[in-house]
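Undergrad: Turn this into a model:
(2 chains)
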Amino acid sequence: MREKETTLYLGPQHPGITGNMMVKLKVTGDTIIKAETHVGYLHRAFEKLMEARNWMQCFPIVCRICVPEPDPNEENLARIIEELEGREVPERAKYIRVMVLELARLGTYLLWMGGQSGSMGLYTMPQWTIGDRDYILDLFEALTGGRVYHMYIWPGGVRRDLPEGFKDKVLKTMDYLEGRLKDYDDLLFDNALFYKRAKGIGVIDKSKAMEWGVVGAPLRGCGIKHDVRIDEPYEVYDKLKFVVPTAEGGDVWARALVRRQEFEQSISIIRQVMEQMPSGEFYNKVPNPLNWKVPAGDAYVKTESARGEFGYYGVSDGGLKPRRMHVRGPAYVHGVSLLERILVGANIADVSFIMNSLGTCPPEIER
Amino acid sequence: MQNNLELENKIAEKIKIAFQTAEVQVQRKQRIKVNLNEDLVHPFLTFAKNTLSYKHLSHISCVDWIEDNQFELVYILLSYDSLVQIIAKTRINREKAEFPTARNYWPQVETYEREIHELYGINFVGNDHLVDFVLEDWEDLPPMRRDFDTVKYSQEHFFNRPGREDAQDVRKTVTKHSGEELPDLAKIYSVRN
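TA: Predicted coordinates:
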């Protein structure tokens, strides 16, 4: 007997804590035969708003494009302005920027560990990782005044220098997080249940991954070694030693392994940064922000965020405001065309599990 | 920034030979800009993908040059072999905004084109999935067009909070209640520079 097809609406109320979006599923029994992503619940027209703001007024907007990891947005926007103007950034500021970006990466991975575990019913992990992430947010608060949104990286450098005793606080937090890895391993990464649940689920075809526009950990989980920090080094990444982990299989398990190893790499990067950071200026003077004209031209810059390549295409017509600012976050592909493909054949219970492993983040799809 | 542009110049040379009317410029290390006539965009995308191994399309962007009555379509490509990014641009007529789809080369193009269709009103011929993306039942002018008036739209579709019907400058409200005069800082500082 042929099983009846049913339509199921998953979301938009946070399906697996990835934000407000909806996946419309067509299922027979428990198996998905068609998936459609529906977004629009978080659209705030950021790109349009930026066209009506001064360049500096765009900074409080762009950080809201990604709640868990706002800093790559600020860094991208700052770098677009710097590239169009040919503005130099002091060496110390570059090191501070890398520190901020890597702290943000660690915070995002902790959030991801919680989300990934939570979506398979392992609720101890989110309790731990959300708590541990708060130590990183404490650092951000001490450095920038803000816990989630920082508006700290700006053209010509960063907004302020490291506060007194900050270096020790960072190193102490790194020691703590490194010590916690054993607990995370015991509970999640060495957990046979997680392995059985994640292996062979949400598989991305390696031969198609590049063509489909896959980036970040999902791409490296297919065995393709690509990381913007290595392939197109920005700030001071070319002066730091780290490896780009890869895994085979292209499934949720492979992506988890990649992120687990990158967590350690980020701790190592932050320690190197704290050791190598030179003294000196932390910003170069910029013009009056209210009357700041950026030379006409266009530029494309990108960073490696925790969820993959984050690109900004910016156009200036020589005026006080951006002519166009287009944001290409990793979820723009991962959360729509890729998700719709790899959900076919999966079970209903796997949807939020797969979404978490792809790092789906609706605000950056809609901007 | 490194100044050795040998690889970039080599790729630019190949493009110049294949597309003689194209304006090719090495912008910097790992960046090449290509300006094309609209009829050459698809031959160029095929050439980039098949001959230069540009397998990854980062995204498609659109810029409204209303003063020239044109839309600019921007295709941003990456080769995992050379790691050089190409920014290929073309301008199309704004009045009859139509362009052939690139969905056959990269499947995710469907999403990019769907968004541009919704926000700029460009019809991508051959893409049969140009349905609502972020907006729902939108019947007004596509909102990312420069001539879309956001203030007018807000006034027509939304109402002010009780007490703010006059939508006046917040400084005036503060002065009315507290008697304190607040300076217009934006005005002061923009004049000073």
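Undergrad: Every contact and neighbour count from this point should use C-alpha atoms.
TA: Fine.
Undergrad: got a list of what the residue in the stretch 51-200 of chain A positioned nearest to chain B touches?
TA: Per CA to the nearest CA, A:E51 is where the stretch 51-200 of chain A lies closest to chain B, at 9.1 Å. Counting by CA atoms under 8 Å, 6 or more residues apart in numbering or on different chains, A:E51 touches A:321-325.
Undergrad: Save the residues you listed as TSV, and put in pLDDT too.
TA: Below are those laid out as TSV (pLDDT from 0 to 100):
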residue	pLDDT
A:K321	92
A:P322	94
A:R323	94
A:R324	94
A:M325	94
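Undergrad: if we take these, which one ends up nearest to B:G179?
TA: Among those, A:K321 lies closest to B:G179 (CA to CA), at 34.5 Å.
Undergrad: Report how many residues lie close to the closest residue in space to that closest one that isn't next to it in sequence.
TA: Of all residues not flanking A:K321 in the chain, A:N54 sits nearest, at 4.6 Å (CA to CA, 6 or more residues apart in numbering or on different chains). A:N54: 18 surrounding residues under other CA atoms under 10 Å in any protein chain shown.
Undergrad: mind checking which helix or strand A:N54 is in?
TA: A:N54 belongs to no helix or strand when assigned by DSSP states H and E.
Undergrad: Am I right that it is in contact with A:L290?
TA: Yes - counting by CA atoms under 8 Å, A:N54 touches A:L290, with 6.7 Å between them.
Undergrad: Check the contact lists of the two and give me the overlap.
TA: A:L320.
Undergrad: Of the contacts of A:E51, select the buried ones using a ChimeraX command.
TA: Buried residues within the contacts of A:E51, by 16 or more other CA atoms under 10 Å in any protein chain shown, are selected in ChimeraX with:
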select /A:321,322,323,324,325
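Undergrad: Looking at the contacts of A:E51, which is nearest chain B?
TA: Chain B lies nearest to A:R324 out of the contacts of A:E51, by CA to the nearest CA, at 6.4 Å.
Undergrad: excluding its backbone neighbours, what's nearest that closest one?
TA: Per CA to CA, 6+ apart, closest to A:R324 is A:V315, 5.0 Å.
Undergrad: other SSEs contacting the helix or strand containing the one you found?
TA: According to DSSP H and E, A:V315 maps onto strand A:308-316. Packed against strand A:308-316 by the contact rule (3 or more CA pairs under 8 Å, 6 or more residues apart in numbering or on different chains; DSSP states H and E) you find helix A:71-85, helix A:216-220, strand A:297-305, strand A:324-328.
Undergrad: one step back: could I get the contacts of A:E51 in a markdown table, plus columns for distance to A:F140?
TA: Below are the contacts of A:E51 laid out as a markdown table (distance: CA to CA, whole Å):
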| residue | distance to A:F140 |
| --- | --- |
| A:K321 | 29 |
| A:P322 | 28 |
| A:R323 | 31 |
| A:R324 | 30 |
| A:M325 | 27 |
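Undergrad: how about the residues of chain A that lie near chain B?
TA: Contact residues, chain A versus chain B (CA under 8 Å from any CA of the partner chain): A:38-41, A:43, A:48, A:210-213, A:226, A:231-232, A:288, A:290-291, A:313, A:323-324, A:326, A:328, A:333, A:336-338, A:366.
Undergrad: among those, which ones are buried?
TA: Those of those that meet the buried threshold are A:38-41, A:43, A:48, A:210-213, A:226, A:232, A:290-291, A:313, A:323-324, A:326, A:328, A:333, A:336-338, A:366, by 16+ other CA under 10 Å.
Undergrad: what does the strand holding A:V315 rub up against?
TA: A:72-73, A:76-77, A:80, A:215-217, A:227-228, A:294-304, A:322-330, B:61.
Undergrad: list the contacts for whatever residue of chain B ends up closest to chain A?
TA: Closest approach between chain B and chain A, counting by CA to the nearest CA: B:V134, at 4.1 Å. Going by CA under 8 Å, 6+ apart, B:V134 touches A:38-41, A:43, A:366, B:115.
Undergrad: go with 6 Å
TA: A:39-40 (CA atoms under 6 Å, 6 or more residues apart in numbering or on different chains).
Undergrad: what's the neighbour count on the closest residue to B:R103 other than its chain neighbours?
TA: Distances taken as CA to CA, 6+ apart place B:V109 nearest to B:R103, at 5.1 Å, with adjacent residues excluded. Neighbours of B:V109 under the rule other CA under 10 Å: 23.
Undergrad: next one: A:Q276
TA: 13.
Undergrad: What values do phi and psi take at it?
TA: phi -90, psi -10 (degrees, to the nearest 10).
Undergrad: What separation do you get for it and A:K94?
TA: Counting by CA to CA, to the nearest Å, the gap from A:Q276 to A:K94 is 11 Å.
Undergrad: swap in B:F47?
TA: 38 Å.
Undergrad: So for the two, which sits in the more crowded spot?
TA: Comparing B:F47 with A:K94 by other CA under 10 Å, the one with more neighbours is A:K94, at 24 against 16.
Undergrad: That one and A:E235 touch, don't they?
TA: Yes - A:K94 lies in contact with A:E235 (CA atoms under 6 Å); the separation is 5.2 Å.
Undergrad: Spell out which residues of chain B are next to chain A.
TA: Neighbours of chain A within chain B, by CA under 6 Å from any CA of the partner chain: B:55-56, B:106, B:108, B:134, B:190.
Undergrad: Among the residues you listed, find the lowest-pLDDT one for me.
TA: pLDDT across the residues of chain B next to chain A is lowest for B:S190, at 61.
Undergrad: List the backbone torsions phi and psi for the residue nearest the centre of chain B.
TA: Geometric centre of chain B, nearest residue: B:C62, 2.9 Å, by CA atoms, centre = their mean. Main-chain dihedrals, B:C62, degrees, to the nearest 10: phi -140, psi 140.
Undergrad: Spatially nearest residue to it, not counting backbone neighbours?
TA: Spatially, and ignoring its direct neighbours in sequence, B:C62 is nearest to B:L73 (4.7 Å; CA to CA, 6+ apart).
Undergrad: Need the phi and psi values for the one you found.
TA: Here B:L73 shows phi and psi, under degrees, to the nearest 10, equal to phi -100, psi 130.
Undergrad: Show me the shaky parts of the stretch 1-150 of chain A.
TA: A:1-2, A:14-17 (pLDDT under 70).
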